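What follows is a predicted structure for the sequence shown.
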Amino acid sequence: MSLLERVRTKGDGDDAATVAPAAPAAAPLAPSEAPAPAGVGVASAGGQRTPSRLAAAVAAGGPEAAAPAPASHPGWHERAEAVRERHAGPAHESRSASLPQYSAIKAQVTMALLEEYSDVSKAPRERLVAKIGELTNSVLGELSISITRNDRQRLVEQLINDVLGLGPLEGLLKNPEITEIMINGPDKIYVERHGRLQRYPAKFDSSDHLMQIIDRIVSSVGRRVDESSPMVDARLKDGSRVNVIIPPLALQGPTMTIRRFSKDPFTIDNLIEFGTLTKEMSTFIKACVRGRMNIVVSGGTGSGKTTTLNVLSGWIPDDERIITVEDSAELQLHQEHVVTLESRPANIEGRGRIGIRELVINCLRMRPDRIVVGECRGGEALDMLQAMNTGHDGSLTTVHANSPADALSRLETMVLMAGTDLPSRAIREQIAAAVDIIVQQARLRDGTRRVTAISEVTGFDGDKVALNDIFLYHQEGLDEQGNVIGHFAPANVPDCLETLKSIGEGVDPAIFEAPATPTPKAEDSAA
Ligand SMILES: Nc1ncnc2c1ncn2[C@@H]1O[C@H](COP(=O)(O)OP(=O)(O)OP(=O)(O)O)[C@@H](O)[C@H]1O
Ligand SMILES: [Mg+2]
């Protein structure tokens, strides 16, 4: 029996809908014990839950093979459809459009592969790749499809990505220019490139295809996502951070956001070159880090807080014991004496969560010289401030706020979240005593990241925390291409100059008199 006939005996038509195996009447994610297929683009960890071969075949079968709505959430498919329609953008190039029989070819190749290899995950990738090449040739022959050698090569690559890898994500993950990948359901992929958001012209075959790939990604790091735990935050082996949220919580379909970090994290020279800050600003902050000032990096989402925190932490002297506390370990410190702590989400029964706050409290018992907290988001702010006030000078953290003054009020709110009944005044006094410097960062309209202020906390004026701006970024306007025009300029001489000098970290006071520095345009800088 020919390959095509073999496949057709499973259905009675010649399109993908009939050649694909029956979809299981279950949630889009079929649970299984089978290990992940070979060649998944992320390193794999042992003992994880991965999709079954049947689910793999269904996902590979294209849109027609979509599984029905999960029984426990009647109607979500319809609501999700309605949302998708509402948000439907212009038609984009899709694989099925470029080769109408793609779904059928893929289904047949997948089926034949599964018939030959009882466990695809155990077969060597090279053999599978060669086999996919062979199978593609026979299917093309049997369907009498003639395409050029280049197209055939592309088709085989696409099949390899879809059947063994991460589908349309495969290429994106290899592109070092792409710093963020946002997938809003199977039809819409957005990427951030050079700081700008762009629609990416590719699609997943269906929600199930996307779920299959999401499952490959999260299970490779020992996590799971399904109806009972529909949100997941994970860090991939390559350091990327991934967030997944699926229906019924996300109505447009499975939604995944991947934040990528370059293997070589940005250095201070990179940030100066991008126009994120000036040499003078970096000289001052470096002296503050080395001089054990407590520093808060403040900024909005994706403004570059963690990147800047990483650069700042890099200035901590080698002979100090650094303890980092993060939700997902993103910092890449080069010092030798670093202890990395990562929080843990609750397990499937809702137990076992260890939050940032518990880790901060624990790290105080670990004799840290420096505590670096990836982000203060809640009650840990109180413990962090107490640590900063009780001998752990030189600690660093980030907060989500839009200005230095806003960062101070965020800290105050977060201390209240710790359940303390301290009066506001006492909290502010504690903040004034603990925090020395605020580095404010922003992502501007043109995608560039700028340190928009470096401010010094100079004390408590009886009512509020007093701030002294040291450097400021002044935005002047936009040019015709939408690039932000602006310049950095020193604002005031810091009060801490004498203190820095007394501990051997003095800086030339001339940097606070330096002339204004215009910033490069978005396309001139890497951001
Ligand atoms: N100074 C910079 N210039 C250009 N790109 C940058 C800069 N800093 C960070 N980026 C890029 O911006 C993205 C976000 O950076 P980062 O994770 O540091 O931001 P964040 O403020 O910590 O984000 P979040 O609020 O999500 O934690 C990354 O892809 C990073 O490579
Ligand atoms: Mg961050």
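Received, thanks. Ligands and ions are numbered 1, 2, ... in the order given.

quick one: pLDDT of the residue of the stretch 101-250 of the chain found nearest ligand 1?
Per Cβ to the nearest ligand atom, the residue of the stretch 101-250 of the chain with the smallest distance to ligand 1 is residue 179, at 3.2 Å. All C-beta atoms are positioned from the backbone trio N, CA, C, and that covers glycine. pLDDT, the model's per-residue confidence, is 89 for residue 179.

thought it was touching residue 266?
No - no contact is recorded between residue 179 and residue 266 when judged using Cβ atoms under 8 Å, the distance being 10.7 Å.

Of all the residues in this structure, which one is nearest ligand 2?
residue 306 (3.3 Å; Cβ to the ion).

Any figure for the gap between that residue and ligand 1?
Separation of residue 306 from ligand 1 (Cβ to the nearest ligand atom, to the nearest Å) stands at 3 Å.

Who are the contact partners of residue 144?
Neighbour list for residue 144: empty [criterion: Cβ atoms under 8 Å, 6 or more residues apart in numbering].

quick one: it from residue 150, how far?
If you measure residue 144 against residue 150 using Cβ to Cβ, to the nearest Å, the figure is 19 Å.

again, but for residue 331
Residue 331 sits at a distance of 44 Å from residue 150 (criterion: Cβ to Cβ).

More neighbours: which of the two?
Neighbours around residue 331 and residue 150, counted as other Cβ atoms under 10 Å, are more numerous at residue 331. The numbers are 21 against 8.

so what's that one scoring on pLDDT?
Note for residue 331: predicted pLDDT of 91.

ok but it is inside a strand, no?
No - with DSSP: H, G, I helix; E, B strand; the rest coil as the criterion, residue 331 is coil rather than part of a strand.

and residue 493, how many neighbours does it have?
For residue 493, the number of neighbouring residues by other Cβ under 10 Å comes to 14.

Test my guess that it contacts residue 507.
No - the criterion here is Cβ under 8 Å, and residue 493 misses it with residue 507 at 10.5 Å.

Show the contacting residues for residue 234.
For residue 234, the contact set (Cβ under 8 Å, 6+ apart) comprises 217, 218, 221, 223, 241, 242, 244, 328.

and residue 397, which of the three is it?
Relying on three-state DSSP, one would call residue 397 strand.

residue contacts, it?
Contacts of residue 397 by Cβ under 8 Å, 6+ apart are 295, 296, 297, 309, 372, 373, 374, 375, 376, 384.

Contacts for the helix or strand the last one falls within, please.
What that stands for is residue 384. Per DSSP states H and E, residue 384 falls inside helix 380-389. The list of residues contacting helix 380-389 from outside it, by Cβ under 8 Å, 6+ apart, reads 294, 325, 355-357, 360-361, 364, 371, 373, 376, 395, 397, 399, 411, 414-415, 417-418, 420, 430-431, 433-435.

just checking, what's the longest helix in this structure?
Using DSSP state H, we find that the single longest helix of the chain is helix 125-142.

Can you turn the buried part of the contacts of helix 380-389 into a ChimeraX selection?
Buried subset of the contacts of helix 380-389, written as a ChimeraX selection, criterion 16 or more other Cβ atoms under 10 Å:
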select :294,325,355,356,357,360,364,371,373,376,395,397,399,411,414,415,418,430,431,433,434,435
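
In strands, which of the contacts of helix 380-389 appear?
Counting by DSSP state E, the part of the contacts of helix 380-389 found in strands is 325, 371, 373, 397, 399.

doesn't residue 410 make contact with the last one?
Which is residue 399. Yes - applying Cβ under 8 Å, one finds residue 399 in contact with residue 410, separated by 5.1 Å.

Might you calculate how far stretch 380-394 sits from the centre of the chain?
Between the centre of stretch 380-394 and the centre of its host chain there is 28 Å, according to Cα atoms, centre = their mean, to the nearest Å.

And stretch 496-506, by the same measure?
Shown here is stretch 496-506, whose average C-alpha point lies 38 Å from the average C-alpha point of the whole chain (Cα atoms, centre = their mean).

and the residue in the stretch 251-400 of the chain that ligand 1 sits nearest to, backbone torsions?
For the stretch 251-400 of the chain, the residue positioned closest to ligand 1 under Cβ to the nearest ligand atom is residue 304, at a distance of 2.8 Å. For residue 304, the backbone dihedrals (degrees, to the nearest 10) come out as phi 100, psi 20.

burial of it, as a residue count?
By other Cβ under 10 Å, the burial measure for residue 304, its neighbour count, is 26.

Just grab the bridge partners of the residue nearest to it when sequence neighbours are not counted for me.
Once flanking residues are discounted, residue 304 sits nearest to residue 449: 4.0 Å by Cβ to Cβ, 6 or more residues apart in numbering. Residue 449 has these beta-bridge partners by DSSP bridges: residue 443.

Of all the residues in stretch 359-372, which ones are buried?
Of the residues in stretch 359-372, 359, 360, 363, 364, 368, 369, 370, 371, 372 count as buried by neighbour count, 16+ other Cβ under 10 Å.

should've said stretch 459-476
Under the neighbour-count criterion of 16+ other Cβ under 10 Å, stretch 459-476 has 460, 464, 465, 467, 468, 469, 470, 471, 472, 473 buried.

how about the nearest residue to the third one, chain neighbours excluded?
For residue 465, the nearest residue in space outside its immediate sequence neighbours is residue 432; the separation is 4.5 Å by Cβ to Cβ, 6+ apart.

Does that neighbour touch residue 456 like I think?
No - between residue 432 and residue 456 there is no contact under Cβ under 8 Å: 11.3 Å.

of the two, who's got more company?
Ranked by neighbour count (other Cβ under 10 Å), residue 432 and residue 456 place residue 456 first, with 24 against 19.

Quick check: bridge partners of that one?
residue 437, residue 468.

returning to that earlier point: can you tell me which helices and strands the longest helix of the chain packs against?
For helix 125-142, the contact count by 3 or more Cβ pairs under 8 Å, 6 or more residues apart in numbering; DSSP states H and E identifies helix 3-8, helix 102-116, helix 149-164 as packing neighbours.

quick one: least confident helix or strand in the protein?
helix 16-19 (a mean of 29; mean pLDDT, DSSP states H and E).

so what's residue 396 up against?
When contacts are counted by Cβ under 8 Å, 6+ apart, residue 396 is found next to 289, 294, 295, 296, 297, 309, 312, 313, 370, 371, 372, 373.

State the number of residues packed around the fourth one.
By the criterion of other Cβ under 10 Å, residue 296 has 32 neighbours.

Touching, it and residue 431? I think so.
No - with contacts counted by Cβ under 8 Å, residue 296 stays clear of residue 431, the gap being 9.5 Å.

which neighbours do these two share?
Looking at what touches both residue 296 and residue 431 (by Cβ under 8 Å, 6+ apart), the common residues are residue 411.

ok, residue 430 - contacts?
Taking Cβ under 8 Å, 6+ apart as the contact definition, residue 430 lies against 385, 386, 389, 415, 422.

What about these, which one has the most neighbours?
Compared across the contacts of residue 430, residue 415 has the highest neighbour count, 27 neighbours, by other Cβ under 10 Å.

does residue 422 sit in a helix or strand, and which one?
Under the criterion DSSP H and E, no helix or strand holds residue 422.
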